[in-house]
Structures are given as structure tokens and as C-alpha cells.
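Trainee: quick one, structure for this:
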Amino acid sequence: MAAVAARQRRLPVLGRRTPLRRDCARLIGVSTALVFGLVFAVALGVATPAAAQSFTYNPRPPRPVAPHPANDGRMLVQAVEVDYDYNNSRVSAVGNVQMFYNGTSVEADKVIYDQKTKRLHAEGNIRMTDAEGKITYANIMDLSDDYRDGFVDSLRVDTADATRMAATRADRSSGNYTVFENGVYTACAPCKDDPKKPPLWQVKGARIIHDQNEKMLYFENAQLEFFGVPIAYVPYFSTPDPTVKRKTGFLMPGFSTASGYGYGVETPFYWAIAPDYDATFSPRFTTKQGVLFQGEFRQRLLSGSYQIRAYGIDQLEPGDFAGQPGDRQFRGGIDTKGQFALNDKWVWGWDGVLLSDYAFFSDYRLAQYRDPLGSFLTLPTEAISQLYLTGVGNRSFFDLRTIYYLSYSGNQAQVPVIHPVLDYSNVLNNPILGGEFSYKTNFTSLTRQTAAFDPITTLANTASLCMTASADPLARLPSQCLLRGMPGTYTRLTAEAQWRRSFTDSAGQIWTPFASIRADAIDSSISNQPGVSNFLPVGDTQALRAMPTVGLEYRYPFINVQPWGTTTVEPIAQVIIRPNESYAGKLPNEDAQSMVFDASNLFSVDKFSGYDRVEGGGRANVGVQATTQFDRGGAVNVLFGQSYQLFGLNSFAVADMTNTGLDSGLQNTRSDYVARVNYSPSRTYSFSVRTRLDEATLNVNRFEAEGRAAFDRWSVSMLYGNYAQQPELGYLTRREGLLGSASMKLAANWVVTGAARWDLEANKVNQYIVGAGYVDDCFVLAANYVTSYNYAAGTTPPVLSHAFMLQIGLRTLANSSSAAAGAALQ
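Mentor: Residues are numbered from 1 along each chain as shown. You can find the predicted model right below:
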């Protein structure tokens, strides 16, 4: 014993790093590097495994670890003691062992390297952290120094993306295969109150085989558990290991149902063709119509990406769509989109759709037609094909695009083709005459085959009456119809320059003079179709229109400071001088058909929403605004005002093809009164009231009241609207309704949402959505019931569609969804 002891040498380390002798350091360094490699491979190889034991997560607190040394190829060891046994050719590190090598650290109670067997053995509270943050726990490791075989007992792995795996044993062989016995995998965080409690979901498997060369995981006798209760069993399946971002194989199936095709099951197959492009094939097997083939190709290039989708089906029962566009044997379509950057300011791209019939997307609920849950009130009515070029500068914007709208309602001839539409605006960085100078331009050219009429009275219940010609101007049918779109070709070029500057005098009054000049060049060729001449001059028309404007805006804020807050009262007056609108009501109006007069545009110099109309004549806008800021939080803003036509032609009293401006509240010399009140007592609540009162009778012509509240666990919003009849625009009766939405967090992860629109005049809830969902760091469960309107060709009443959608997602493992739809005439 004395001789053995004499041949042994024991060096106390006592918590400091000590480089080992060169020969031992080399041996342990090589072997430990292999250990790190194997454990690292294990950690990566089981990021999506299944297992057969219950997953528990209760790691011991890590020891304080000193900062990693520089990655210089050396291995450093820190332990209570390091033993050299020259007789048995063993080197042992004992007691709170910490090893550092190439950015990776290993902690254990004991590490032994046997030079004869060339094996490294570690045991006791093993904790390995690699440079990427993956943490591996184990009780015993025994590995060969060439990394080709070995085993790890009681393995547990935490990855950087918050996935977790455990196994009773992992065996390594042939330098490629790792077999995990009784493994379990989850992407759920452990329960904070009880880490040993089973997670929300976990996948167990009797054996998991990791093929490192193929980067595949093979599961045997796998089962899916929720809260420790098995709910699904699969004898065998495979999946790419977590190091693989893209790999060829089948994706999770999807389920749907609709009256036209019955029940459908989609089985997507993903093909990773190359690092920069891939494809997905998603055949949908339906019970009524056969197989709907779908394919998508995607490619990413240095400056952008593009994708192409194709669809096709040879319908078995076309008669199920009798009387509809879908009553044909073959149906299909193509859609594509792409976008590429020219530099950091310019991009160009496209969207394209081509269909066998306009109802194909809607009948089969395909990509372009799927309803986004955030806009449940209406499904899309058209698909857009366009080619565009966009540039954005510090104070400038450019957009050029050509657009083709594909109507889902069948009125394709009434939908315009936009040859190009160009918008450019710029604000100069340097002041001109001490003020801000800006300019903008718009160029629009479009063609429409057939006039789009809109009956606006009960007498004109069909568009045929709108197509009746009338030689008597007093019998002009715009009293019963509107021309929403003119037939023929319309081209307009608009350029406008603006200047404004603000002065504040010694009394605190703010004076803002402004000036602008706008010019329009218009060329129209309107087809002489029935009824069109009642609205516009048919044939070729060329027109030049100029609108110079000068004006002055005056504000005089009065500030009152009290212990409870600050109030600012601000009278505002605006005087605008300009000539009459040229060709008022005699030119096409395609982009300025929306006109809502309220407090938000009381002080707009031009209150029309587009370029096809321009406001003319002298006008004064006056009002008073008061704002109170409370010291303890909250604010109130009140605005009340009116607009006056001072001289010249009132543009809002002149009827055009859509009667824009009539019944707006601006058509008289003295406009309706407009007012708003915004009140935000805190970040939790906000209230807003907006109204427009008749100038003569003070009757309410427009009223909206909105309230919102957002708490930690729930939020609610409610909008009440009351709108007087506007017969010139086709609204023959008063409209009144409620639009409400709410969201409530029932528990930490459970959310219930809902929204509905109630027509108070008809006393009917006509549109709504109800949903519930569970969301956490590893699992998503969502169900939504949605109603929305579809519009068909001609005078067919709208169809109220119903859809049910279900989504289930297991993070890192699978996502699946299903949908059901139906429809009813309203």
C-alpha cells in the first residue's frame, strides 16, 4: 500500500483553475472534447422525440461557474482535487468538477479518464452547457474517446429554444446511431408550483432512434399525452431532427367541409428541393367532387422572393353547382406574388390571379378567398392582379402600379382595369420664404367595358330602369340611380404644389398663411351605352382644370392652469379664397365617391376624398377647440364648428354621377354643425362622441358614440351609430345599429372573444363572430364561428355565409386546422 501510495501523486486544487500536465491535459482534453461532441449531438438529436416515461423537470441549482476562458484549444479543469494513478493509467477529477473547453462547460461530481480502455467516465449531477445555451443533465456518462460508442444514463436536455427531453438511457454506436430508451419530449415549460407535474402535452416513446447522417428521428410505440393522460397512439413515425429547418416529407393534414364539395381532407407534402427554393403539394380529397390538386412553388433570391400556386380539379358532380359558374367539369386557377428590392429605398413586385371561373376560389375556400378573422364583416369581393414599383425616401413617396381586379361576384365587365396609377409626393428639406413647401402628383388611367349602375330608390329596383335614356334634363334619372362606374376610358394627370408658414405674434396669436396651385389634365372617352348620357356627356372629352388657392388660418390659444390640471381653449378660423370648380359634375368621378363631413375634416382645405373632384369657391371654416389635461392623468378634447360657403359655386351642391356631396351637410351655404368629444380618464378607458346636427332644425343627421375599456383580463368596445336618411345617395331610411366586441381572459391562458353587429332598425343581429382559445408557450387551441356576406352578380340578394374554424398547434411538432362553411340567402 505504501508503494502504491508513493507512486500516486495528489494535488489539491481548492477552487482554482490549474492547467494539467501536458500529457494528461492532452489525453483528457481530447476525450472530453469527444464527450462534449456526443452530448451536444444528443442534445440536438432529441429536440423532437417521444418517450415512455413521465417527463419531470427538477434540476438541481447550478453551481457558480467562472467565466469561460478564451477559445484557444486548451482545456481547463477546476475541482476539489485531481488524482494521477500512474499504475492504472487513470486520471481522476473529484469534487465539484468543472471543465471548460472551446466554449463548453461540464460540471459533475467525478470524472475519470482511463488511458488503457480509452474511455471517459463521468458521474454524479452532470450538467453540460454548450456555447449555444443547450443544457444537458445526466447521472452517468461512459464514452469512448473516439466518440463512436458509449452510453448516458438518466439523460435530460434543455435546448435554447425551450424544448425539453428526458430518457432513461441513451446508447451510441457506429459513430452515427443514438438510441434513446424510454424517452419523452415536450416544448412546454415545467409547472412553477410543481416541477414534477406532467406538462400540458408530451410525447412518449419506447425507443427513439437518431440517425445523425440522415438527421432523422424514428419513434417506436409513441403516444401523445395531455396532462399525463394518453390520448393518441402511433406505433411508428419519423420526423426530421431539430437541427433541420427544411426537409422533404408529409405535413399535418387539414380538414374542411362545404356544401359544394362535401367533406375534404388535405394531405400536404413538402419538397425541399434546394436551400433557396421548395414546393408543397396539397391534394384535397373530397367526397363529392373528387381530388382537388394544389401545388405551390417558392424561391428566395438575393434581393427578394416569389411564389406560384396552381389549382385544378376534374369535378365528378358539376351539377351540384347547377345554375352557377361552377357547373363545369374542369375548374382551376393560378395565383402568384413576388417582391424584390432594388436598393434600400426601392422595391418592385407583383400579384397575379387567373381563374377558370370567378366562383372557383369561393366555392373551394382557397387561399385568396379565405376570410381573415380580423375583418369578419365581409369576405373579399375581388382578387387583385398588379405590377408595382414603390420608393420611400425621408420625406418623399413614390408608387406606380397597374391593376386588374377579378370580381368574385361575376360583374367583371363593370370592374375597371387600371392601366397605371402613379402617386408621388415630396416635402422639401429647405424652407421656401420661411415656410414648408411640398408638391404631389397623381396620374390615373382606367378602362371599363360596361357601365356600373346603382339603383337608389324602391322604384328603380332593377338596373334596367337606370339604362333608360331621357332627353328631358328634369327627368334625369340620377334621382333614382347612380352611375358608380362610367364605361369607356378615363385618364387624368394631376399636379399640386403647396406652401404654408406659421407666425406667432406677441399676444400669442398663431397666424398660418397658406397657398396652393393645382392643375388637372383630363381625357375621357365615354361609351354611349343606355342611360349613360343621363349622367355624363358621351364621346370624347378633353378638359384642363386649374385651382389656385390662398388662405389664412387663425388660432388664439388661451391657457388656464389650475391645481387639478391645465385647460387650453382655442378659437380657430380659416378663410379660403379660390375660384369655382371647373366642369363641376360634368366629368367622371371614380376615386372621390366617399364623402363624410364631420369634425375630423372641418378644417381640411379640400374635403373631397380623391382627385376626381376638387372643392371650389370661397369658404370659411370656424370652430372652437378645448383640451384639458388632468394632473392625475386623463384628458378631454372638445371641438365644435361649422363651415360657410362665402362666394362662388358650392361644389357640394352640384350632383355628379354618384351625387357625391349631396346630403353631406355641406350642400347649403351654412353647413351642418359638427362636434366631437374625446375623453380618456386613464389608459384603461376611452370614450368618443361624434355628431352632425342640422343647421336649421338641430336634428341629428349623424351620431356616433364609442367606448373602449381594456383591463388586465378583459377588454370591450362598443360603437353606436345613428344616421339620417340620405335619399340622394340611396339611403331611404334612417340607419341605426350597434357594433360591439369583447375579449375576456378567463384564466392565465384561456381567452374568449366575440363581436356582433345589431341592426336596431330591423331588430336583428346580422353579423357576428364567436371564438375561444387557449394559448401558451407550447400549445394553441382556437375555435371560431364566423358569419360574413357574399355578393353575387346582378340583383341577387347577398348571401350570409357561416363558417366554423378549428386550429390546434403543438409547438415544434405539429399544427392542424379544419373548417366548415355554409350559406343562406338574406
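Trainee: make it CA atoms for all contacts and neighbour counts henceforth
Mentor: Fine.
Trainee: what about Ser362, which helix or strand?
Mentor: Applying DSSP states H and E as the criterion places Ser362 in helix 360-364.
Trainee: Asn621 too?
Mentor: Going by DSSP H and E, Asn621 is part of strand 618-630.
Trainee: using CSV, write out the CA atom coordinates for whatever helix or strand comes next after that strand.
Mentor: For strand 618-630, the following helix or strand on the C-terminal side (DSSP H and E) is strand 635-647. Extracted C-alpha coordinates of strand 635-647, given in CSV (Å, rounded to 0.1, in the frame of the first residue of the first chain):
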residue,chain,number,x,y,z
ALA,A,635,-57.6,64.3,-20.9
VAL,A,636,-60.7,65.7,-22.5
ASN,A,637,-60.9,67.2,-26.0
VAL,A,638,-63.9,69.0,-27.4
LEU,A,639,-64.3,70.5,-30.9
PHE,A,640,-67.4,72.3,-32.2
GLY,A,641,-67.6,74.1,-35.5
GLN,A,642,-69.3,75.0,-38.8
SER,A,643,-68.4,75.7,-42.4
TYR,A,644,-69.7,78.6,-44.6
GLN,A,645,-69.8,79.0,-48.4
LEU,A,646,-68.7,82.6,-48.8
PHE,A,647,-69.0,83.1,-52.5
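Trainee: coming back round to it: run through who's touching the strand holding Asn621.
Mentor: Residues outside strand 618-630 that contact it (C-alpha atoms under 8 Å, 6 or more residues apart in numbering) are 564-579, 602-603, 635-648.
Trainee: try 7 Å this time
Mentor: With C-alpha atoms under 7 Å, 6 or more residues apart in numbering as the test, strand 618-630 has contacts from 564-578, 602-603, 635-648.
Trainee: circling back: how far out from the middle of the chain is the next helix or strand after the helix holding Ser362?
Mentor: Next helix or strand after helix 360-364 toward the C-terminus (DSSP H and E): strand 382-392. In terms of C-alpha atoms, centre = their mean, to the nearest Å, the centre of strand 382-392 is found 18 Å from the chain centre.
Trainee: rewinding a little: just the buried residues from the contacts of strand 618-630, in ChimeraX please.
Mentor: The ChimeraX command for the buried members of the contacts of strand 618-630 (criterion: 16 or more other C-alpha atoms under 10 Å) is given here:
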select :567,568,569,570,571,572,573,574,575,576,577,578,602,603,635,636,637,638,639,640,641,642,643,644,645,646,647
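Trainee: re the thing from before, now the angle between strand 635-647 and the strand holding Asn621, please.
Mentor: 170 degrees (axes from the mean of the first three to the mean of the last three C-alpha atoms, to 10 degrees).
Trainee: what is the rounded mean pLDDT of strand 618-630?
Mentor: Averaging pLDDT along strand 618-630 yields 97.
Trainee: what about the strands in the stretch 651-800 of the chain?
Mentor: 673-680, 685-693, 700-710, 714-723, 735-745, 750-759, 764-775, 779-790, 799-810 (DSSP state E, counting those that start in this stretch).
Trainee: got a list of contacts for the second one?
Mentor: When you say that, I think you mean strand 685-693. Counting by C-alpha under 7 Å, 6+ apart, 598, 672-680, 699-710 sit against strand 685-693.
Trainee: direction included, what does it pair up with?
Mentor: Strands that pair with strand 685-693, judged by DSSP bridges, come out as strand 673-680 (antiparallel), strand 700-710 (antiparallel).
Trainee: now tabulate these in a markdown table and tack on mean pLDDT, mean neighbour count and distance to Asp344.
Mentor: Formatted as a markdown table, these follow (pLDDT from 0 to 100; neighbours: other C-alpha atoms under 10 Å; distance: least, C-alpha to C-alpha, whole Å):
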| stretch | mean pLDDT | mean neighbour count | distance to Asp344 |
| --- | --- | --- | --- |
| strand 673-680 | 97 | 21 | 40 |
| strand 700-710 | 96 | 18 | 38 |
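Trainee: just send those back as TSV, with distance to Ala655 too.
Mentor: Putting the strands paired with strand 685-693 into TSV (distance: least, C-alpha to C-alpha, whole Å) gives the following:
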stretch	distance to Ala655
strand 673-680	22
strand 700-710	20
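Trainee: just so I know, which of the ones you listed lies nearest Phe269?
Mentor: Smallest distance to Phe269 across the strands paired with strand 685-693 (C-alpha to C-alpha): 42.8 Å, for strand 700-710.
Trainee: centre of the chain versus that closest one, how much separation?
Mentor: The answer for strand 700-710 is 27 Å, by C-alpha atoms, centre = their mean.
Trainee: ok, residues contacting that strand?
Mentor: Contacts of strand 700-710 (C-alpha under 7 Å, 6+ apart): 684-694, 715-724.
Trainee: switch the cut-off to 6 Å
Mentor: 684-693, 715-724 (C-alpha atoms under 6 Å, 6 or more residues apart in numbering).
Trainee: what angle do it and strand 735-745 make?
Mentor: Going by the same axes, to 10 degrees, strand 700-710 makes 0 degrees with strand 735-745.
Trainee: tilt between strand 700-710 and strand 714-723?
Mentor: Using the same axes, to 10 degrees: strand 700-710 against strand 714-723 is 180 degrees.
Trainee: dump strand 700-710 to PDB, restricted to CA.
Mentor: The C-alpha coordinates for strand 700-710 follow below in PDB (Å, rounded to 0.1, in the frame of the first residue of the first chain):
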ATOM      1  CA  VAL A 700     -79.300  64.700 -35.500                       C
ATOM      2  CA  ASN A 701     -78.100  63.800 -39.000                       C
ATOM      3  CA  ARG A 702     -75.200  61.700 -37.900                       C
ATOM      4  CA  PHE A 703     -74.300  60.500 -34.400                       C
ATOM      5  CA  GLU A 704     -71.700  58.000 -33.300                       C
ATOM      6  CA  ALA A 705     -70.800  57.100 -29.700                       C
ATOM      7  CA  GLU A 706     -67.900  54.800 -29.000                       C
ATOM      8  CA  GLY A 707     -66.400  53.400 -25.800                       C
ATOM      9  CA  ARG A 708     -63.400  51.200 -25.100                       C
ATOM     10  CA  ALA A 709     -62.100  49.600 -22.000                       C
ATOM     11  CA  ALA A 710     -59.000  47.500 -21.600                       C
END
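Trainee: going on from the helix or strand hosting Val82, what's the next piece of helix or strand?
Mentor: Here Val82 sits within strand 81-85, counting by DSSP H and E. Following strand 81-85 in sequence order, the next helix or strand is strand 90-101 (DSSP H and E).
Trainee: can you spell out which helices and strands pack onto that following strand?
Mentor: Applying 3 or more C-alpha pairs under 6 Å, 6 or more residues apart in numbering; DSSP states H and E, one finds that strand 90-101 contacts strand 75-78, strand 81-85, strand 104-114.
Trainee: one more time with 10 Å
Mentor: For strand 90-101, the packing partners by 3 or more C-alpha pairs under 10 Å, 6 or more residues apart in numbering; DSSP states H and E come out as helix 22-45, strand 75-78, strand 81-85, strand 104-114, strand 119-129.
Trainee: may I have the strands that pair with the third one, each with its orientation?
Mentor: Yep, that's strand 81-85 we're talking about. strand 8-12 (antiparallel), strand 90-101 (antiparallel).
Trainee: now the angle from the last one to strand 104-114?
Mentor: Orientation check (the same axes, to 10 degrees): strand 90-101 against strand 104-114 gives 170 degrees.
Trainee: just the CA trace of strand 90-101, in CSV.
Mentor: Taking C-alpha atoms only, strand 90-101 is exported to CSV below (Å, rounded to 0.1, in the frame of the first residue of the first chain):
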residue,chain,number,x,y,z
ARG,A,90,-6.1,6.8,-14.8
VAL,A,91,-6.7,10.5,-14.2
SER,A,92,-9.5,11.5,-11.9
ALA,A,93,-11.0,14.9,-11.0
VAL,A,94,-13.1,14.7,-7.9
GLY,A,95,-15.4,17.1,-6.1
ASN,A,96,-17.4,19.9,-7.8
VAL,A,97,-15.6,19.2,-11.1
GLN,A,98,-15.9,22.0,-13.7
MET,A,99,-14.4,21.6,-17.1
PHE,A,100,-14.1,24.2,-19.8
TYR,A,101,-13.2,23.5,-23.4
